[in-house]
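Asker: task: produce atomic coordinates for the following.
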Amino acid sequence: MKTYQIVSGAIRGLAGLMFDEYRRGTLRETIRLTRRKGRLTFAHEFSHSDLLEEKARKNIDRPFLYFYGQTFTYAQMNANANRVANYLYTLGAKPGNALAIMMKNSPRWLDTYFGAQRLGMCAVPVNIALRGDQLAHIFNHSEVKFICIDYDLMPYFDKIRDTLVSQPRVIINLQGAHSGAQLSRGQEPLNRAYESGISMNKPDIAPREGDPCLLMYTSGTTGLPKGVATRYGSTGIMTIGIISRALFKSDDVYFTCLPLFHANALLITLTSALHANARMALCERFSASHFWEDIRTSGATVFNTLGAMIPILMKQPEKPADREHNVSRILSAACPAEMWAPFEKRFGVKIIEAYGAVDGGGFLTLNYGQAPAGSIGKPFGAKHRIVDDNMNDVPVGKHGELIFYTGKNKGKTVEYYKDEKATSNKVKDGWLHTGDLTYIDKKGYLYFIGRKTESLRRRGENISAYEVEHAILQHPDVLECAVYAVPSELGEDDVMAAIVLLEGKTINPKNLVSFLKDRLARFAIPRYLRILSELPKTETQRVIKSNLQKEGITKDTLDMEPGGRKIDLNL
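Answerer: Got it, this is the predicted structure:
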């Protein structure tokens, strides 16, 4: 896309939203708040449920959701949201109650989410891969009163039930369960929300301004998950609409196979499709072998990628049908620079690189072709710096933490639920700390290097795990890899890499070292190597490095320094 197209689209989007503010009688208040806070602030931000209701009035019979051969119109989605809201009300739900959604991707996940917000409840999407203490923490921390859960996920909930401070009302989704599935005493079927006795009309209950609307928990890869709170009246949904209306059109089909409990699918795909009066295509999970088949079947025109998705798709065998689809562009996060052009050429798409975070205060950068491949572009209207640990600005080309200016004493930009310490540490003296390492080039374009918590220090040198991983991924026989620190007998860190090879491939460690010498500084080349059949990952394809670090130097680890111990590479 051209710069003028993005800018003009954003202007049209902002104009459209301001006209909506005028119709609602809140334009004057929006202008006043924007002046006071120093950034665009709508007087009353919609929830997703509000946005669906408004769009359903305009697009009654227009298809909205596609899911494995099923299609639901805007009006049907809105009616189902009302059904679930009315059903929850019969079970005693009320504004302010927290409802956990522990379900795989499906239309019912969205029905439950929209329905909860229609009652003024707080929706708590739960990572379905969480177990034990991390799962119990989310239920206790958010004080969940109700849970909607898939039948086959109940065993994981049952294991932590006795550790909960209070017991939530359990609503079971039996869709997809085996034929003999039965409910236990006290459990309620979600199926009942879709029966004839439940009203399709909007319940006469309004959310309370300022109540928690959505609690999204961090992945918990390095500790207990933190809950990022948004509240009724200040959700950020309308602000997202400015970019959504610039990038997407009403004839787009926005595909996601990423989990709805994650911000990418929920806050980007869903929000953008609604704002653009477009369609959303949903799959249950990411599958490299079935990905393009799902794309073709859904009629998708745009999709998002995260982390390892592009490298994994690029490592799949080339097929004559690689370009046989309707996709014109993708929104990527952390696409390796060296794979950017090859991916576009092979699959006939345009990559738009984006940077943002659920706890990023709404700040966004885009590279839509105006910046070099590998860059995340420049922030939209946000003052930013790249600093060292002492808050000194670093020079061009040097790594540092990306921070954004939010203004002093202008309210919470990011709120970690019931965690004032983490909230105050996120924004200091008006600067929001992203925790991400970046650098800037001479033209002001930013480049993502990795999480600050994943940086290593070896022999007095700082090393980006992200950069080492992408160097290793260039090896033709490597499918996936993770780089992390292990203790060194000399102090500081040693670099360790765990890799997954392409099926049927082997690797010679000496050849790997030689391969990396042309791509990495000597001190950044891993000392230790593990060859695994798979990496521990979250549902969003993010490697859980804490698991690998806990295992440390194992019996199957190869020391690649001269004279280091060997391993059986056929394990």
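Asker: how much space separates residue 78 from residue 480?
Answerer: Counting by Cβ to Cβ, to the nearest Å, the separation of residue 78 from residue 480 is 41 Å. Every residue, glycine included, has its C-beta placed from N, CA and C.
Asker: let me fix that: residue 74
Answerer: On the measure of Cβ to Cβ, residue 74 and residue 480 end up 39 Å apart.
Asker: and what of residue 340?
Answerer: The value you get for residue 340 to residue 480, if Cβ to Cβ is used, is 19 Å.
Asker: which one of those two is surrounded by more residues?
Answerer: When residue 340 and residue 480 are compared for neighbours, residue 480 comes out ahead with 23 against 19, by other Cβ atoms under 10 Å.
Asker: can you tell me who the more buried one pairs with across the strands?
Answerer: For residue 480, the beta-bridge partners are residue 500 (DSSP bridges).
Asker: contacts only, for the residue nearest to residue 356 when sequence neighbours are not counted.
Answerer: Using Cβ to Cβ, 6 or more residues apart in numbering and skipping residues adjacent in sequence, the residue nearest residue 356 is residue 364, 4.6 Å away. Shown in contact with residue 364 (Cβ atoms under 8 Å, 6 or more residues apart in numbering): 243, 354, 355, 356, 379, 380.
Asker: and residue 364, what pLDDT?
Answerer: Looking at residue 364, its pLDDT is 85.
Asker: then the one 3 residues further on?
Answerer: Model confidence at residue 367, given as pLDDT, is 92.
Asker: could you confirm residue 439 falls within a helix?
Answerer: No - going by DSSP: H, G, I helix; E, B strand; the rest coil, the assignment for residue 439 is strand, not a helix.
Asker: what about it, neighbour count?
Answerer: Residue 439 has 19 nearby residues by other Cβ under 10 Å.
Asker: what is it paired to in the beta sheet?
Answerer: residue 447.
Asker: which one of the contacts of residue 364 is nearest residue 504?
Answerer: residue 354 (35.1 Å; Cβ to Cβ).
Asker: just for the stretch 101-250 of the chain, where's the confidence low?
Answerer: Flagging of the stretch 101-250 of the chain using pLDDT under 70 yields the residue ranges 220-223.
Asker: just the strands from it, written as ranges.
Answerer: 122-125, 144-150, 169-173, 188-189, 212-217, 227-231 (DSSP state E, counting those that start in this stretch).
Asker: and the fifth one, how far from the chain's centre?
Answerer: Centroid separation for strand 212-217 versus its chain: 14 Å, with Cα atoms, centre = their mean, to the nearest Å.
Asker: rewinding a little: got TSV for the contacts of residue 364, with distance to residue 168, secondary structure and neighbour count too?
Answerer: Shown next, in TSV, are these (distance: Cβ to Cβ, whole Å; DSSP: H, G, I helix; E, B strand; the rest coil; neighbours: other Cβ atoms under 10 Å):
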residue	distance to residue 168	secondary structure	neighbour count
243	36	helix	23
354	35	strand	23
355	36	strand	22
356	31	coil	22
379	40	strand	19
380	40	coil	14
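Asker: residue 511: what's it in contact with?
Answerer: Under the criterion of Cβ under 8 Å, 6+ apart, the contact list for residue 511 is empty.
Asker: that's a helix at it, yeah?
Answerer: Yes - remark: residue 511 belongs to a helix, assigned using three-state DSSP.
Asker: and it, what's its pLDDT?
Answerer: 88.
Asker: about what we covered before: and the least confident of the contacts of residue 364?
Answerer: residue 380 (75).
Asker: so that one touches residue 365, yeah?
Answerer: Yes - with contact defined as Cβ atoms under 8 Å, residue 380 counts as touching residue 365 (7.2 Å).
Asker: how far away is residue 240 from residue 251?
Answerer: Residue 240 is 20 Å from residue 251, by Cβ to Cβ.
Asker: now do residue 508
Answerer: Counting by Cβ to Cβ, the gap from residue 508 to residue 251 is 51 Å.
Asker: also residue 179?
Answerer: On the measure of Cβ to Cβ, residue 179 and residue 251 end up 40 Å apart.
Asker: where do the helices sit along the stretch 51-200 of the chain?
Answerer: Along the stretch 51-200 of the chain, the stretches classed as helices by DSSP state H, counting those that start in this stretch are 74-90, 107-118, 132-142, 154-160.
Asker: which stretch among these comes nearest residue 470?
Answerer: helix 132-142 (28.5 Å).
Asker: just the angle between the closest one and strand 144-150, please?
Answerer: For helix 132-142 and strand 144-150, the angle between their directions (axes from the mean of the first three to the mean of the last three Cα atoms, to 10 degrees) works out to 130 degrees.
Asker: which elements pack onto helix 132-142?
Answerer: Where contact means 3 or more Cβ pairs under 8 Å, 6 or more residues apart in numbering; DSSP states H and E, helix 132-142 is packed against strand 98-102, strand 122-125, helix 154-160, strand 227-231.
Asker: show me the contacts for the residue nearest to residue 321 when sequence neighbours are not counted.
Answerer: In space, residue 321 comes closest to residue 292 once its chain neighbours are excluded; the distance is 7.1 Å by Cβ to Cβ, 6+ apart. Residue 292 makes contacts with 319, 321, 322, 325, 347, as judged by Cβ under 8 Å, 6+ apart.
Asker: which of these sits closest to residue 106?
Answerer: Distance to residue 106, by Cβ to Cβ, is smallest for residue 325 among the contacts of residue 292, at 23.6 Å.
Asker: how deep is that closest one tucked in, by neighbour count?
Answerer: That count, for residue 325 with other Cβ under 10 Å as the rule, works out to 21.
Asker: three-state assignment of it?
Answerer: Once three-state DSSP is applied, residue 325 turns out coil.
Asker: is it true that it touches residue 302?
Answerer: No - contact criterion Cβ under 8 Å: residue 325 and residue 302 do not qualify, at 11.0 Å.
Asker: so what's the nearest residue to residue 119 once chain neighbours are set aside up against?
Answerer: What sits nearest to residue 119 in space, not counting adjacent residues and going by Cβ to Cβ, 6+ apart, is residue 85, at 4.8 Å. Going by Cβ under 8 Å, 6+ apart, residue 85 touches 114, 115, 116, 118, 119, 202, 203, 205.
Asker: residues near the second one, how many?
Answerer: Okay, so that is residue 115. Residue 115, neighbours per other Cβ under 10 Å, totals 28.
Asker: any idea how far residue 201 is from it?
Answerer: From residue 115 to residue 201 the distance is 13 Å (Cβ to Cβ).
Asker: kindly report the same for the fourth one.
Answerer: Separation of residue 118 from residue 201 (Cβ to Cβ) stands at 11 Å.
Asker: and those two? Which one has more around it.
Answerer: Neighbour tally, residue 118 and residue 201, criterion other Cβ under 10 Å: the higher count belongs to residue 118, 27 against 10.
Asker: in the stretch 451-571 of the chain, what residue spans correspond to strands?
Answerer: So, for the stretch 451-571 of the chain - with DSSP E, counting those that start in this stretch - the strands run 455-458, 461-464, 478-487, 493-501, 528-531, 558-559.
Asker: closest one to residue 329 among those?
Answerer: Among these, if distance is taken as Cβ to Cβ, the winner is strand 478-487, at 25.2 Å.
Asker: what residues does that closest one touch?
Answerer: 308, 311-312, 315, 454, 456, 465, 468-469, 472-473, 493-502, 507, 526, 528, 535, 543, 545, 548-549, 552-553.
Asker: show me which of those are buried.
Answerer: 308, 311-312, 315, 454, 456, 465, 468-469, 472-473, 493-502, 507, 526, 528, 535, 543, 545, 548, 553 (16 or more other Cβ atoms under 10 Å).
Asker: returning to what we had before: out of the helices of the stretch 51-200 of the chain, which is the most enclosed?
Answerer: helix 107-118 (a mean of 26; mean count of other Cβ atoms under 10 Å).
Asker: so what's the residue count around the closest residue to residue 54 other than its chain neighbours?
Answerer: Distance criterion Cβ to Cβ, 6+ apart; nearest residue to residue 54, sequence neighbours excluded, is residue 46 at 7.2 Å. Residue 46: 24 surrounding residues under other Cβ under 10 Å.
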